[in-house]
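Asker: Attaching a predicted model along with its sequence, questions to come.
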2 protein chains.
Amino acid sequence: MRGLMQEHPLLVSSLLEHAAKHHAGAKVVSVDAAGAVTRGTWRDVAHDAKRLAQALARRGVGPGERIATLAWNTRAHLAAYYGISGMGAVLHTVNPRLFPDQIAYILQDAEDTHLFVDPSVLPVVTAIADRLPPSLRAVVLMGPVEARPALPVEVLEMEALLAAEDGAYEWPVLDEHEASALCYTSGTTGMPKGVLYSHRSTVLHAMAAIAPDVFAFSARDVVMPVVPMFHVNAWSIPYASAMVGASLVLPGPRLDPASLFKLFEEERVTFSAGVPTIWTMLLQWLRAEPARRFARPPRLVVGGTALPLPVTEGFLKEYGVSIVHAWGMTEISPLGSTNVRKAENADWDDERFLPYSRKQGRPQFGVDFRVRDAEGNEIPHDGVAFGELEVRGHWTAGAYFNRPDDPAFTEDGWFRTGDVVTVDELGSIEIVDRAKDVIKSGGEWISSITLENLVLAHPDVQLAAAIPVHHPKWDERPLLVVVRKPGTDPSPESILSVLEGKIAKWWMPDAVEFVDSLPLTATGKLWKAELKRQFKDYRLPG
Amino acid sequence: MRGLMQEHPLLVSSLLEHAAKHHAGAKVVSVDAAGAVTRGTWRDVAHDAKRLAQALARRGVGPGERIATLAWNTRAHLAAYYGISGMGAVLHTVNPRLFPDQIAYILQDAEDTHLFVDPSVLPVVTAIADRLPPSLRAVVLMGPVEARPALPVEVLEMEALLAAEDGAYEWPVLDEHEASALCYTSGTTGMPKGVLYSHRSTVLHAMAAIAPDVFAFSARDVVMPVVPMFHVNAWSIPYASAMVGASLVLPGPRLDPASLFKLFEEERVTFSAGVPTIWTMLLQWLRAEPARRFARPPRLVVGGTALPLPVTEGFLKEYGVSIVHAWGMTEISPLGSTNVRKAENADWDDERFLPYSRKQGRPQFGVDFRVRDAEGNEIPHDGVAFGELEVRGHWTAGAYFNRPDDPAFTEDGWFRTGDVVTVDELGSIEIVDRAKDVIKSGGEWISSITLENLVLAHPDVQLAAAIPVHHPKWDERPLLVVVRKPGTDPSPESILSVLEGKIAKWWMPDAVEFVDSLPLTATGKLWKAELKRQFKDYRLPG
């Protein structure tokens, strides 16, 4: 028996409609690359978005057509978010900081027909002018430029497109399962893969994001996303803020501490979200001058990787700023889990909770977790056993764009995150390794990160990496690759001695090799894939 | 182009699964009619619900079958909520306080096959033993009784049904549009009408309910619904608390201030919701003894009608308890709007906000409002013009059960609430009348409630009612029916003089009639339908 409730699709456009109708007093403030500030309201954004939809329709853009953006957090980008998705096309956000090869590949793979570009990012486009996809019909400049670029496609101006329309436009009533946005993962191995969000997944994800245990958004909030709108929809903030009628402050590309602090104070920002680097730099900058105090301490969310404990403590104890750790992935829209107190630890004081809060936490409703070990069995929740985290839910990807049958998806419908985690008694996960980096010895898993962290306690060790090498009986055994501190000369036995008593005996590396340096990625992370390649033919002694 | 996200239905059972898996430490405390306390967790509730689903399946209960409950806020009722809806049947909650005629009618109309009854409500069932619907196969006792009732159907015990099952049960994956629950309106005119909620509408409604601007539920909350589970799903609290992993305190039928305060303190309740009467009585009881203080002041939500301002102020200023006004209807699941500060009035202090907070407020995302005047035009948002409130949204009814083509639903898909409201500059609605009570004069509307409130300022007026009477030219004109205070004898002119300068001239009542008493409903409200009947043939003078 079917229920007798009204049936309306969950649509991205309805978020903007709600904000424009019921929260016309909330502000939308935007800072461009030159530092100029534009002030408006959700009603202004809705007017721009509708005019953009009209302009795209006039250009013949049809349902499902991919429209790319290369832009910062600005109001023009926000209008593109809603105008493109709202009219039935697919908003394809592209990270301007990727290598030109990757950007060219992504545009080719998505077959974008239009590319919206922030003027400050134009050199990225001219650099790949000869590799723009055949599908591309026009580049749309999102602001004034000094000289029109020479490109093999039509070049348009967003301002002129909008000026030609009147905004008298009704959003189409789409099927909520239609695609609304496309974002490529920035995986360090292999080419990026596209995740194709739907209107339904986007709206449900925003409903989850506003909850008190996630972003806790209210209509009194002034929200400043530092996380970029070019990656995973700025963690849903452009949608979630419209849903509750919060004000929005879009800081553009200037994310240095002084610029951010100025916006925090002048715009009375109550909430922001970003990666650890941003908040670590902000704390250092604050501490450099005692007069730098928040008039009203904002709430912060951090994601990407865990924020070092001294930073979390510094913000809370010195500045009254509380920070929530969130974990997510492009494939999860991105919100997977947050670590906030629950019934079992509601009464933990900060001394006890802060160190614990760096774990990745528990999923909100709409996301489910499964953690399985090397044999495919679910692990016990003891904070020690580990396995690969699999995710299922309303805003988790079921497949990649243009890549049927990717092994990241299990036969029974779960997404393999590639993260190896423990689960503790309170149900909080903690990432202990990447699945591709664990050492698979005799059918059991050894955490490379655990070995590395322990070995770093040796006074003579500067850097260390634990990698698998082939073993005829155990398949893989751990090899420890160490960079010594200058002027020291520890023995392999001395290095391994710090592990004794701290790990299971069969975790003990079979050998130690000393090197002068370890390969690093462009962002300074240990590049394990390259290191494994270097030691591909390594033969264990004896 | 279809999105590539996982597709899972939004199901009531998934709320309980989430709480049982990720919030096994949250407590569920239940008080029965005798005051006995049962303690457990969401995992226990899930075990009970699954066993109940098994028992119902064993009895042949199929998809869409209506299963009624006549029960208070107890854990057995909570298990029935999830067990019945989760297995694909329809949870039909019935208000034990309705007249026996109404209960018999509702059971007949719904064609329930099973009736779950709290032992304390058994007399209600025996009173209609001869009018139970032919569809009814069994009455299920939700607790021990002294003597088994003599009924013309099988009598079962819930405890025995559960004891026969092992709980090894997988919830079926239903279509989210399938019906999950049925609740009848308690309209004062005409027979009750059934609202048939779907799994989708129920889950989306719960997602909206947990938001900071509505109930603001977190996993640290201890939630005590005083609003009954037999009416409009206790405003979603049984679902919303599971969604976030909050603890739940179910107070049973004892809702006197002393019993409630004991639970607030002993169970460390952080949130409760109820009608004005409950909170007014609690405040009076608290004030009677200075030692009665909350160790941790809870948050309260009030709905039904507005709480008098002195009560809201008393709670906040004397006890630190903040109260949010919510407005809803059975047809809206019930949450329609709340009145909490937004961008425009975020900085209003309590002196300014508290009187304002008694307005019905603004809709959350998922609900939309339209207010139209007598000519069907949308009214200006000036706080003065008024019209009938119409509602549309994901958890608003589209039709009544068994009643196709009810005029409550417009041709273009809106639900007519029957409430006449103003909308102010901030978008807050305020109910000024019922649509059936406004006086329609010359195509324009006159608010009966406005006239009555103004006339009550006359020192000699005890009660007043403004009702429409027939007029050959204007269709309807207002007649004022007044009960004088004992010992006074005001003239009609004196009565009308208090209206001068406060209303438009054409609102002035054409006549005043004095009576000894006004007809009241069983709950003490002015019974306008009866008064209109009494004055049906009234002829205006001149």
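Answerer: Structure received. Numbering: from 1, shown residues only, chains lettered A, B, ... in the order given.
Asker: count of neighbours near residue A:430?
Answerer: Burial of residue A:430 is recorded as 20 neighbouring residues (other Cβ atoms under 10 Å in any protein chain shown). Quick note: C-beta positions are derived from backbone N, CA and C, even for glycine.
Asker: And it, how far from residue A:341?
Answerer: 16 Å (Cβ to Cβ, to the nearest Å).
Asker: got it, and residue A:269?
Answerer: 24 Å.
Asker: more neighbours, the two?
Answerer: Neighbour tally, residue A:269 and residue A:341, criterion other Cβ under 10 Å: the higher count belongs to residue A:269, 23 against 17.
Asker: before we move on, what SS does the nearest residue to the more buried one once chain neighbours are set aside have?
Answerer: Distances taken as Cβ to Cβ, 6 or more residues apart in numbering or on different chains place residue A:224 nearest to residue A:269, at 4.5 Å, with adjacent residues excluded. Of the three states, residue A:224 takes strand according to DSSP: H, G, I helix; E, B strand; the rest coil.
Asker: Hmm, residue A:224 is touching residue A:252, no?
Answerer: No: with contact defined as Cβ atoms under 8 Å, residue A:224 does not count as touching residue A:252 (11.0 Å).
Asker: what is in contact with these two at once?
Answerer: Common neighbours of residue A:224 and residue A:252 (criterion: Cβ atoms under 8 Å, 6 or more residues apart in numbering or on different chains): none identified.
Asker: ok so, going back, which ones are touching the residue nearest to residue A:269?
Answerer: Counting by Cβ under 8 Å, 6+ apart, residue A:224 touches A:248-251, A:260, A:263-264, A:267, A:269, A:271-272.
Asker: now do residue A:165
Answerer: Going by Cβ under 8 Å, 6+ apart, the list of residues near residue A:165 reads A:50-52, A:54-55, A:58.
Asker: again, 6 Å this time
Answerer: For residue A:165, the contacting residues are A:51, A:54-55, by Cβ atoms under 6 Å, 6 or more residues apart in numbering or on different chains.
Asker: Mark which of these are part of strands, please.
Answerer: Counted as lying in strands by DSSP state E, out of the contacts of residue A:165, is not a single one.
Asker: and those, which are buried?
Answerer: A:51, A:54-55 (16 or more other Cβ atoms under 10 Å in any protein chain shown).
Asker: Could you let me know which of those residues ends up closest to residue B:152?
Answerer: Proximity of the buried ones among the contacts of residue A:165 to residue B:152 (Cβ to Cβ) peaks at residue A:54, which lies at 67.0 Å.
Asker: Contact partners for that closest one?
Answerer: A:165, A:169.
Asker: Can you show me the helices along the stretch 151-300 of chain A?
Answerer: A:158-163, A:199-209, A:232-235, A:237-244, A:257-266, A:276-287 (DSSP state H, counting those that start in this stretch).
Asker: Buried residues in the longest one, which are they?
Answerer: Buried residues in helix A:276-287, defined by neighbour count with 16+ other Cβ under 10 Å: A:276, A:278-283, A:286.
Asker: Using JSON lines, please lay out those together with pLDDT.
Answerer: Converted to JSON lines, those look like this (pLDDT from 0 to 100):
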{"residue": "A:276", "pLDDT": "90"}
{"residue": "A:278", "pLDDT": "92"}
{"residue": "A:279", "pLDDT": "94"}
{"residue": "A:280", "pLDDT": "93"}
{"residue": "A:281", "pLDDT": "94"}
{"residue": "A:282", "pLDDT": "96"}
{"residue": "A:283", "pLDDT": "97"}
{"residue": "A:286", "pLDDT": "97"}
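Asker: Next, format those as JSON lines and append distance to residue A:67.
Answerer: As requested, the buried residues of helix A:276-287 are exported to JSON lines (distance: Cβ to Cβ, whole Å):
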{"residue": "A:276", "distance to residue A:67": "32"}
{"residue": "A:278", "distance to residue A:67": "28"}
{"residue": "A:279", "distance to residue A:67": "33"}
{"residue": "A:280", "distance to residue A:67": "35"}
{"residue": "A:281", "distance to residue A:67": "33"}
{"residue": "A:282", "distance to residue A:67": "34"}
{"residue": "A:283", "distance to residue A:67": "38"}
{"residue": "A:286", "distance to residue A:67": "40"}
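Asker: Now for the closest residue to residue A:357 other than its chain neighbours, how many residues are close by?
Answerer: The shortest distance from residue A:357 to any non-neighbouring residue, by Cβ to Cβ, 6+ apart, is to residue A:339 (5.0 Å). For residue A:339, the neighbour count with other Cβ under 10 Å is 23.
Asker: Could you tell me which residues make contact with residue A:339?
Answerer: Residues near residue A:339 by Cβ under 6 Å, 6+ apart: A:325, A:357, A:359, A:361.
Asker: Now stretch A:21-41: average pLDDT?
Answerer: For stretch A:21-41, mean pLDDT rounds to 95.
Asker: Report the buried residues of that stretch.
Answerer: Here stretch A:21-41 shows A:21-32, A:40-41 as buried, counting by 16+ other Cβ under 10 Å.
Asker: Go back to the residues you listed and keep what's next to chain B.
Answerer: Restricting these to those near chain B by Cβ under 6 Å from any Cβ of the partner chain leaves A:22, A:25-26.
Asker: Looking at these, which are in helices?
Answerer: Among these, the members falling in helices (DSSP state H) are residue A:22.
Asker: What parts of the stretch 351-500 of chain A come near chain B?
Answerer: Counting by Cβ under 6 Å from any Cβ, the stretch 351-500 of chain A sits next to chain B at A:362, A:365, A:394, A:396-399, A:427.
Asker: 8 Å instead?
Answerer: Contact residues (Cβ under 8 Å from any Cβ of the partner chain) of the stretch 351-500 of chain A with chain B: A:362-365, A:368, A:392-401, A:413, A:415, A:426-427.
Asker: Can you say which of these are buried?
Answerer: A:362-365, A:368, A:392-401, A:415, A:426-427.
Asker: What residues of the helix or strand harbouring residue A:49 count as buried?
Answerer: Residue A:49 is part of helix A:42-58 when elements are defined by DSSP states H and E. Within helix A:42-58, the residues that count as buried by 16+ other Cβ under 10 Å are A:42-57.
Asker: contacting residues for residue A:383?
Answerer: A:422-425, A:430.
Asker: any idea whether residue A:506 is helix, strand or coil?
Answerer: At residue A:506, secondary structure determined by three-state DSSP is helix.
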